[in-house]
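In: any chance you can model this:
(2 chains)
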Amino acid sequence: MLRLEKRPTPSRFWLYATPPVAVILTMIAGGILFAAMGKNPFEVIRTIFWDPVFGEFAFYLRGQLLVKAGPLILIAIGLALGFRAGIWNIGAEGQYIMGAIFGASVGLAVFPTESRWIFPLMVVAGAFGGWLWAMIPAILKTRFNTNEILVSLMLVYVAETILAKASTGFLKNPEGMGFPGSRNFSSYPAAQNAFLYEPLGLHWGGVAALVTGVLAYILLTRHQAGFQIRLAGQAPRAARFHGVSPTRLVVLCMGISGALAGLAGMFEVTGPAGQISIDFNTGYGFTAIIVAFLGRLNPLGIVLAGFLMALTYVGGEMASTNLGLPDAAIQVFQGMLLFFLLAVDVLTNYRFRLAVGAH
Amino acid sequence: MKRRNLLASAAMGLMLASGAFAQGMDKVKACFVYVGPIGDGGWTFQHHQGAMAVQEEFGDKVEIQYQESVPEGADAERVLTQMALGGCNIIFTTSFGYMDATNAVAAKFPDVKFEHATGFKRDSANVSTYNARFYEGRAVEGVIAGRMTKSNKIGYIGSFPIPEVVMGINSYYLAAKKVNPDVQLSVVWAFTWFDPAKEADAAKALIDQGVDVIASHTDSTAVLAEAAKTDGKVIGFGQASDMAEYKDGPRVTSIIDNWGPYYVKRVGALLDGSYAQQDAWEGIAGGEVLIGEITDKVPAEVKAEAEKLRDDIAAGTVHPFTGPIKKQDGSDWLAEGATAPDGDLLGMNFYVEGITGDIPQ
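Out: Residues are numbered from 1 along each chain as shown, chains lettered A, B, ... in the order given. I've put the predicted structure just below:
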């Protein structure tokens, strides 16, 4: 009989082997699913993982990978800092929305002024909006000991309502004939987050994501605050003896993750999305949670995981359109990735033992 | 700039390869972008029925491709670009929120036709828009609501305060008030197109106020499900699709979006070479708005009255917005005998006189 036994120390091998193994298991299980639906599993898997990077339309789709991965990476890095310290910000989606609204509001307030200072100001406003929204659960937690998971999650729905209000009210395009949605930033150069290099899909959001990845890595490995974050997550009691203030840590981690989510929203609304609209948010804040874990809560791992996730989106769309797969099948496929990741993850902390005669 | 050229030349190559020129085509690849799943039982389901009608009409001469649940914004732009690159000749984008994405991609692919539902932007020559005069159906519902209510309180669940919805509310109210001057209308805003839980909450709020006839501008069957819990005291209408499963319950009739005839016409025009840019807005007469079967819950004389209104609208002898009509603030809108110009309807941002409450701004 097989039995799970706790390892004395987490396995370093499985820590890094888990993501690739999970991806392979997902391909196998997904392949069986696609085959059961009457599709050629090899063709589907190739369409999802190969075609966006090397296929016929790769010249366009490669750029889309960074467009899609950028916000995921930016949000996931912020979340990972908190997760490592045992602080669970589940409401990045709301902070993403508020960042977009704050950033867009600054730009639209000065429309149609052309000045090189407008965009940087919007970046600051976007980060501030996300930070502010994350401070609500942070302060409620430190002052009244509320649960940050619940409060941050509930604030997503509040943010969505404010977004609806913004698109139908205070940010509505005055030339939009009464229809909801703000002005489109693509026709306002001073406030637009245009592509810096189109074939790679690089805009300021992508730059911010990659730079943040490196900075967060340095913070965690080389800086005192990073050490405190890691210590608080691994040994809360030891952290307290070490003089780590839990209050400061909550405010710091929630603040960073909120500001980064806000930045992601701001870059998205002024760039790829183009405008504030009722359905502006498409779940980046929630998907980033998967990305954070897929990347092992390690900033560099998250950069890779962000691209992998983007691949399943872009490739999944291709498979859906070209091979006639229902959208739900693609979602199941993406869900499998997290499922297998968590399942294989058990091997990091446990190992299988053949127990003879045990019961 | 570089990508634009790259895309344009790629598109050109595809067009040359398929030999597609203005003289009509041997085969058309028609593609559809949906905002929800095809099984939503409402809006997207009906668009997909339209796509199926195209397949049935032209058989081997068309190839249908579609993508479900495409988020509005950046994702829509990518899906549209993929479709255009993939050789689609005509792309139907079936939600208002695809407006900017449709126009942006259309500018890069001048040889692909784009058809955007419910929008108003036609920035390049290859973009057409289409919509249906759903307010005509709302008038028919209004007659039934005015006649059937016992509490004289009728309700309307709005999705978003946009002209499309506001004109539906006004049309519903005017028709109800015409047959029942005591009628009062309550409007609840759900701020969603599809969210069964929120729609059910909105219905509950109306029922608690004593409303006994509910019309809704949201897509799910949740409103009818909520009405069904009242032992027949509250009635409602199918929205977007027939919702026939509630025929024995609260559903007394329905407004059915029927996109098939339009899709068949446009794809047909592309095949025979008569395709031209346009802004289509058909209603009951064109067959795009259908009134579902009126059930026996409605007395025969009310049913006859509703059906007469439907036929008169189709014949063009009655317009749901015929003066004298004043705005909510008491100012004049339409003079005696005047009918509403389309421009007024498409930008409608006011209630007519008699409706209480404000449109959220």
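In: burial of residue 82, as a residue count?
Out: All of this is about chain A. Neighbour count of A:Gly82, defined by other CB atoms under 10 Å in any protein chain shown: 30. The way it works is simple: take the backbone N, C-alpha and C, and place the C-beta from them, glycine included.
In: ah, no, chain B please
Out: 23.
In: now do the phi/psi pair for it.
Out: B:Gln82 has phi and psi values of phi -60, psi -40 when expressed as degrees, to the nearest 10.
In: now do the contacts for it.
Out: Residues in contact with B:Gln82, defined by CB atoms under 8 Å, 6 or more residues apart in numbering or on different chains, are A:57, A:60-61, A:317-318, A:321.
In: so is B:Gly238 in a helix, a strand, or just coil?
Out: Using DSSP: H, G, I helix; E, B strand; the rest coil, the structure places B:Gly238 in strand.
In: now for it: which residues touch it?
Out: Contacts were defined as CB under 8 Å, 6+ apart; by that measure B:Gly238 touches B:224, B:244, B:246, B:251, B:253-256, B:292.
In: try it again with 6 Å
Out: Under the criterion of CB atoms under 6 Å, 6 or more residues apart in numbering or on different chains, the neighbours of B:Gly238 are B:251, B:254, B:292.
In: if we ignore the residues flanking it in sequence, what's nearest the residue of the stretch 151-300 of chain B found nearest chain A?
Out: Per CB to the nearest CB, the residue of the stretch 151-300 of chain B with the smallest distance to chain A is B:Phe191, at 4.5 Å. The shortest distance from B:Phe191 to any non-neighbouring residue, by CB to CB, 6 or more residues apart in numbering or on different chains, is to A:Ala164 (4.5 Å).
In: how close does B:Ile157 get to A:Leu297?
Out: With distances defined as CB to CB, to the nearest Å, the gap from B:Ile157 to A:Leu297 amounts to 44 Å.
In: looking at those two, which one has more neighbours?
Out: Taking neighbours as other CB under 10 Å, B:Ile157 and A:Leu297 compare with B:Ile157 leading, 27 against 20.
In: next, the closest residue to that one other than its chain neighbours: phi, psi?
Out: With sequence-adjacent residues excluded and distances taken as CB to CB, 6+ apart, B:Ile157 is closest to B:Ser216, at 4.0 Å. Note on B:Ser216: backbone dihedrals following degrees, to the nearest 10 are phi -140, psi 150.
In: in the host helix or strand of A:Leu347, what's buried?
Out: A:Leu347 is located in helix A:327-349, with elements delineated by DSSP states H and E. Using 16 or more other CB atoms under 10 Å in any protein chain shown as the burial criterion, the residues of helix A:327-349 that qualify are A:327, A:329-330, A:333-334, A:336-338, A:340-341, A:344-345, A:347-348.
In: now stretch B:261-272
Out: Residues of stretch B:261-272 classed as buried under the neighbour-count rule (16+ other CB under 10 Å) are B:262-271.
In: JSON lines for the contacts of B:Gln82, including pLDDT, neighbour count and distance to B:Ser171?
Out: What follows is the contacts of B:Gln82, written out as JSON lines (pLDDT from 0 to 100; neighbours: other CB atoms under 10 Å in any protein chain shown; distance: CB to CB, whole Å):
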{"residue": "A:Phe57", "pLDDT": "85", "neighbour count": "17", "distance to B:Ser171": "46"}
{"residue": "A:Tyr60", "pLDDT": "88", "neighbour count": "20", "distance to B:Ser171": "44"}
{"residue": "A:Leu61", "pLDDT": "89", "neighbour count": "25", "distance to B:Ser171": "45"}
{"residue": "A:Glu317", "pLDDT": "88", "neighbour count": "25", "distance to B:Ser171": "38"}
{"residue": "A:Met318", "pLDDT": "88", "neighbour count": "24", "distance to B:Ser171": "43"}
{"residue": "A:Thr321", "pLDDT": "85", "neighbour count": "23", "distance to B:Ser171": "37"}
